[in-house]
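S.K.: task: produce atomic coordinates for the following.
(one chain, ligands or ions: 1)
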Amino acid sequence: MKQLIEAIKSIKEGNLEPIKLKAQAETAELIEAINEMLTAVSQRLKEKETRLDEQVFGLYVLNYAVKIIGSSLKTKELLNICLETFIDIGKVKGGSIGLIDQQGRLKIKVKENAPEIEKEIIKKVIKESEPFMGDINGNVLLCLPLMGREEIVGVVSLYDRLDKQGFSQEDINVISTLTTQVGVSIENARLYEELARWNKQLERKVAERTKELKEANEELKKMDKIKSDFLSMVAHELRTPLTSIKAFTELLLSKPDREVEARLRYLGIIHSECNRLTRLINNVLDLSKIEAGKVEWNIQLVSIAEIVNTSLATTHKLIEDSGLEIEAQIEDNLSLVLADKDRLIQVMTNLIGNAVKFTEKGGRIDVRVKKKTRPTKCIQVSVSDTGIGIRKKDLDKVFQRFKQVGDGMTNRPEGTGLGLSICKEIIEHHKGKIWVESKLKKGSTFHFNLPIEDK
Ligand code: ADP
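M.R.: Next up, the predicted model:
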């Protein structure tokens with residue numbers, strides 16, 4: 001009995017081992033009952049302990065999951081944290097995480113103490129979205145799919161379990177809980193990165209557009225300035241003949257009985273100034289119509305030779321009256337060009353008219369038409385004269401509006417300074433080029449070319 005009391009005291013102190021005592025029948029029965037109770041109690045205790053262990057482990061995993069969810073939104077950093085977590089929770093030596101790219105290929109992104117894994121295994125995990133457990137060089141390998149919200153985003157592989165035992169279903173369940181969190185977090189990180197990329201692209205596009213708008217605005221301002229400069233130039237040019245007309249009509253009105261000769265002279269000046277005004281207004285209207293795109297171009301296949309001959313016929317009398325000689329050399333078999341015939345005649349008569357205007361009696365004019373192949377296939381027309389020529393510094397100015405270069409004395413009053421601007425607009429509309437070569441007192445050559453359509 002004494003021994004039995006000692007054994008019960010030991011139970012009180014936590015010893016759940018069965019009592020081993022030899023006793024008489026009745027006491028033995030009591031001991032057996034106590035022992036059965038001890039076995040039941042110790043079993044229940046063990047169960048409680050296991051459940052507690054599981055709960056602690058669950059909390060442990062949860063803690064990691066929270067850490068992952070709250071961790072970096074940069075994929076690379078996130079993957080490093082995830083791999084560390086998996087290695088820790090999976091109790092393995094190493095592992096890797098691969099992500100599926102937009103083409104559906106898996107690329108290993110982070111790796112630690114892990115061997116190459118067969119592509120077939122990876123393919124199987126991706127295809128079935130199910131964990132795979134296998135063997136590499138005698139070590140256990142566990143591959144699990146990383147699931148995003150709707151689809152698989154990657155694969156995590158864990159290798160070489162520290163206790164050298166395989167993964168139990170329970171282990172796989174715990175690790176799988178974490179893979180869902182990881183998958184969603186990776187998806188978030190990728191979305192975030194994509195968003196950031198889009199944002200950057202958007203910022204770049206906005207900057208580009210702003211720059212373009214700024215440039216367009218500058219261009220508009222420039223155009224606006226050109227327009228108002230043009231307007232004031234027109235006003236100025238109109239004022240000159242008008243002032244003259246006003247002055248001579250006032251002279252006539254103030255003394256109507258002036259001698260006939262003087263009156264006729266005044267009327268002659270008024271008449272020529274009126275003609276100048278008409279020409280000026282016509283030229284201004286023509287130029288602004290071309291610039292505003294309001295001209296209807298009658299584009300068709302035309303023969304430059306024919307255009308040149310028509311222009312020569314039109315200006316023939318003018319040339320003869322000016323005491324000038326003219327010669328034209330037109331190459332045979334020239335290709336036709338796509339152009340507005342009347343507008344090209346306008347260019348030709350203008351160039352010939354200028355050559356006549358700026359060449360003294362006895363001089364000569366040469367017109368040449370030839371085919372060129374360089375830099376591109378085109379027909380080149382040149383009008384040369386032996387006239388007053390143009391200073392080198394003025395060569396570019398002659399195509400500007402209202403620009404009359406030279407020394408004023410030799411320039412005839414009938415000029416408007418708009419003829420060459422109009423020629424330039426017409427030639428450029430045909431995708432051609434117009435330019436001048438000249439030597440003061442030796443003469444000038446105006447060239448223009450027109451592209452030939454390749455068949
Ligand atoms: P304009 O009506 O004054 O001739 P253009 O625009 O045709 O206007 O010519 C502009 C200026 O270019 C002329 O005023 C003149 O100073 C110069 N120019 C044009 N053609 C010739 C030429 N063949 N020889 C010398 N100067 C020329």
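S.K.: going forward, measure contacts between C-alpha atoms and count neighbours the same way
M.R.: OK.
S.K.: in contact with residue 351, which residues are there?
M.R.: Residues in contact with residue 351 (Cα atoms under 8 Å, 6 or more residues apart in numbering) are 383, 420, 446.
S.K.: take those and keep only those in strands.
M.R.: Residues of the contacts of residue 351 located in strands (DSSP state E): 383, 446.
S.K.: now neighbour count and distance to residue 296 too, for the contacts of residue 351, in TSV please.
M.R.: Below are these laid out as TSV (neighbours: other Cα atoms under 10 Å; distance: Cα to Cα, whole Å):
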residue	neighbour count	distance to residue 296
383	21	27
420	22	20
446	19	26
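S.K.: min pLDDT across the contacts of residue 351, which one?
M.R.: Of all the contacts of residue 351, residue 420 carries the smallest pLDDT score, 95.
S.K.: contacts only, for that residue.
M.R.: Residues near residue 420 by Cα under 8 Å, 6+ apart: 350-351, 398-401.
S.K.: quick one, helices of the stretch 251-400 of the chain?
M.R.: Counting by DSSP state H, counting those that start in this stretch, the stretch 251-400 of the chain has these helices, from start to end: 260-291, 304-321, 341-357.
S.K.: tell me which of those sits most buried.
M.R.: Most buried of the helices of the stretch 251-400 of the chain by mean neighbour count (mean count of other Cα atoms under 10 Å) is helix 341-357; its value is a mean of 20.
S.K.: quickly check: that one near the ligand or not.
M.R.: Yes. Applying Cα under 6 Å from any ligand atom, one finds helix 341-357 touching the ligand at 354-355.
S.K.: and that helix, what's its mean pLDDT?
M.R.: 96.
S.K.: helix or strand right after the helix or strand bottoming out on mean pLDDT in the chain?
M.R.: Ranked by mean pLDDT, DSSP states H and E, the helix or strand of the chain with the weakest confidence is helix 25-69, at a mean of 78. For helix 25-69, the succeeding helix or strand toward the C-terminus, using DSSP states H and E, is helix 75-89.
S.K.: does anything pack onto that next one? Which helices or strands?
M.R.: On a contact count with 3 or more Cα pairs under 8 Å, 6 or more residues apart in numbering; DSSP states H and E, helix 75-89 meets helix 25-69, strand 92-100, strand 106-112, helix 169-254.
S.K.: that one: which residues count as buried?
M.R.: Residues of helix 75-89 classed as buried: 75, 78-87, 89 (neighbour count, 16 or more other Cα atoms under 10 Å).
S.K.: show me what contacts the nearest residue to residue 80 once chain neighbours are set aside?
M.R.: In this structure, residue 80 finds its nearest non-sequential neighbour in residue 110, 6.5 Å apart by Cα to Cα, 6 or more residues apart in numbering. Residue 110 is in contact with 76, 79-80, 83, 96-98, counting by Cα under 8 Å, 6+ apart.
S.K.: swap in 10 Å and give it another go.
M.R.: Residue 110 makes contact with 76-77, 79-83, 95-99, 156, according to Cα atoms under 10 Å, 6 or more residues apart in numbering.
S.K.: equivalent analysis for residue 292, please.
M.R.: Contacts here follow Cα under 10 Å, 6+ apart; on that basis residue 292 touches residue 286.
S.K.: again, but for the one 5 residues further on
M.R.: If a contact means Cα under 10 Å, 6+ apart, then residue 297 has 290, 339-343, 426, 429-430 as its contacts.
S.K.: could you do residue 271 as well?
M.R.: Residues near residue 271 by Cα under 10 Å, 6+ apart: 245, 265, 277.
S.K.: assign a three-state SS to residue 116, would you?
M.R.: Using DSSP: H, G, I helix; E, B strand; the rest coil, the structure places residue 116 in coil.
S.K.: next, count neighbours for it.
M.R.: 9 (other Cα atoms under 10 Å).
S.K.: how close does it get to the ligand?
M.R.: Distance of residue 116 to the ligand, given as Cα to the nearest ligand atom, to the nearest Å: 81 Å.
S.K.: ok, residue 443 touching residue 366?
M.R.: No. With contact defined as Cα atoms under 10 Å, residue 443 does not count as touching residue 366 (11.1 Å).
S.K.: what is in contact with these two at once?
M.R.: Residues touching both residue 443 and residue 366 comprise 355, 384-386, with contact defined as Cα under 10 Å, 6+ apart.
S.K.: show me what the helix or strand harbouring residue 160 pairs with in its sheet, parallel or antiparallel.
M.R.: Using DSSP H and E, residue 160 sits in strand 152-161. Taking DSSP bridges as the criterion, strand 152-161 pairs within the sheet with strand 92-100 (antiparallel), strand 139-147 (antiparallel).
S.K.: for the ligand, give me its nearest residue in the stretch 151-300 of the chain.
M.R.: Residue nearest to the ligand within the stretch 151-300 of the chain: residue 280 (8.9 Å; Cα to the nearest ligand atom).
S.K.: with adjacent residues omitted, what lies nearest to that residue?
M.R.: In space, residue 280 is closest to residue 416, 5.9 Å off (Cα to Cα, 6+ apart).
S.K.: check residue 307 too.
M.R.: residue 345 (5.9 Å).
S.K.: one more: residue 310?
M.R.: residue 345 (7.4 Å).
S.K.: of all the contacts of residue 297, which comes closest to residue 375?
M.R.: Set against residue 375, the nearest of these by Cα to Cα is residue 430 (16.6 Å).
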